[in-house]
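J.: pasted the sequence and its predicted model underneath.
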Number of protein chains: 2
Amino acid sequence: MVSISTKGIYGVAAMHALYKSPNAKLMQIKEIAAMTQISHGYLEQILSSLKKSSLVVSIRGVNGGYKLAHDAHEILVLDIVEALEGKLFVPSENVGASVVLDSFWADMQEQTRKVFSVKLCDLDKSYQTFFYEI
Amino acid sequence: MVSISTKGIYGVAAMHALYKSPNAKLMQIKEIAAMTQISHGYLEQILSSLKKSSLVVSIRGVNGGYKLAHDAHEILVLDIVEALEGKLFVPSENVGASVVLDSFWADMQEQTRKVFSVKLCDLDKSYQTFFYEI
DNA sequence: TAATACTATAGTAAATTACTATGGTTACTT
DNA sequence: AAGTAACCATAGTAATTTACTATAGTATTA
């Protein structure tokens, strides 16, 4: 089954929570955890990966927490997912020996990555669309 | 890591071989296996699944083999992949509780499935494009 | 300096993947 | 009518991945 793992979904949920934080206020892990229903420990790991990829910044100590490292219009869902799961949709090497199929899969990969190139600030829009179109 | 499994890639390769068979001649498993480098036993399983999904038809006995069940312009890569791996990119249920994110992922799924809705007869075109555009 | 935050690493049960192996059953050809 | 070569079905398995939990820190600040 082709699917994105929960880790990527969690990551997007966490980033979305940070994006929605009023006045871009720092959010503590336990706040994000409560909001997203992700366990504290697992969320720690996820945020750590996101930090390594420079998607969030953290501040230590009492009243510390996390916030987005960049503006939400500079962050793509693709960045978040790839920070947590590696490059999206890598076609396996050495499968078959057809140049035609190789280009085909490379093309699919590129297009799939385009689909995931949604800006964090536009993430709510599919809900809006969904809402108004019916 | 998000990726399509080799099973789906093999399935597309096998279907492509059948599509390319001169005069839509029946192809035996061992011919397809030789062409695609897939092991005989595994290919049997894959073709069996494709048959169950009515993507190929088989003829038994000496000089038997497989051929496409429909015209190549009626078969989508999505059909092949989903026959072998289940529905593409199912967003996990119960992850988070946000209606906004639910619609977002549903939207992503729909768009990803669109990317994979390439007709078998158009599969070579990405190679052409690739070739001419450079 | 105590408390609360972040950091790092190890471990693990369950599920999935990518097959191989085995033993059929069917049907065409001679 | 019989042998051969094809298809069909199911079971098993090693390796990998997933989705966490657990543990033991280190850093910062009220």
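T.: In hand now; what should we look at? Numbering: from 1, shown residues only, chains lettered A, B, ... in the order given.

J.: and A:D124, its phi and psi?
T.: Torsion angles at A:D124 (phi, psi; degrees, to the nearest 10) stand at phi -70, psi -20.

J.: same check on A:L76?
T.: phi -100, psi 150.

J.: and if you look at A:V99?
T.: Dihedral angles of A:V99 (phi, psi; degrees, to the nearest 10) stand at phi -60, psi -40.

J.: can you check A:S5 too?
T.: With angles defined as degrees, to the nearest 10, A:S5 sits at phi -80, psi 170.

J.: A:L88 is in contact with that one, correct?
T.: No - with contact defined as C-beta atoms under 8 Å, A:S5 does not reach A:L88; the gap is 11.4 Å. No exception for glycine: its C-beta is placed from N, CA and C like everyone else's.

J.: quick one: low-confidence ranges for chain A?
T.: Scanning chain A for pLDDT under 70 picks out A:1-2, A:90-97, A:127-134.

J.: residue boundaries of the strands in it?
T.: All strands of chain A, identified by DSSP state E, fall at A:56-59, A:65-68.

J.: export those to a markdown table and append columns for mean neighbour count and distance to DNA strand C.
T.: Listed next are the strands of chain A as a markdown table, based on neighbours: other C-beta atoms under 10 Å in any protein chain shown; distance: least, C-beta to the nearest atom of the strand, whole Å:
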| stretch | mean neighbour count | distance to DNA strand C |
| --- | --- | --- |
| strand A:56-59 | 16 | 4 |
| strand A:65-68 | 20 | 4 |
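
J.: which one's more surrounded, A:S5 and A:L88?
T.: Taking neighbours as other C-beta atoms under 10 Å in any protein chain shown, A:S5 and A:L88 compare with A:L88 leading, 18 against 14.

J.: the more buried one contacts A:V115, doesn't it?
T.: No - look at A:L88 against A:V115 with C-beta under 8 Å: they stay out of range, at 9.4 Å.

J.: not counting sequence-adjacent ones, nearest residue to A:Y19?
T.: Spatially, and ignoring its direct neighbours in sequence, A:Y19 is nearest to A:A72 (4.8 Å; C-beta to C-beta, 6 or more residues apart in numbering or on different chains).

J.: ok, now which ones touch that neighbour?
T.: Listed by C-beta atoms under 8 Å, 6 or more residues apart in numbering or on different chains, the contact set of A:A72 reads A:Y19, A:K119, A:L120, A:C121.

J.: buried subset of those, written for PyMOL?
T.: Buried residues within the contacts of A:A72, by 16 or more other C-beta atoms under 10 Å in any protein chain shown, are selected in PyMOL with:
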select buried, chain A and resi 19+119+120
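
J.: grab the most central residue of chain A for me.
T.: By C-alpha atoms, centre = their mean, chain A has its centre lying nearest to A:I80, at 2.8 Å.

J.: got the contact list for the nearest residue to that residue once chain neighbours are set aside?
T.: Residue nearest to A:I80 in three dimensions, not counting chain neighbours: A:G11, with 4.9 Å by C-beta to C-beta, 6+ apart. Taking C-beta under 8 Å, 6+ apart, we find A:G11 in contact with A:I46, A:S49, A:L50, A:I80, A:V81, A:A83, A:L84.

J.: same thing but 6 Å
T.: When contacts are counted by C-beta atoms under 6 Å, 6 or more residues apart in numbering or on different chains, A:G11 is found next to A:I46, A:I80, A:L84.

J.: pretty sure the second one is touching A:M15, no?
T.: Yes - counting by C-beta atoms under 6 Å, A:M15 is a contact partner of A:I80 at 5.4 Å.

J.: residues of stretch A:3-19 that come out buried?
T.: A:3-4, A:6-19.
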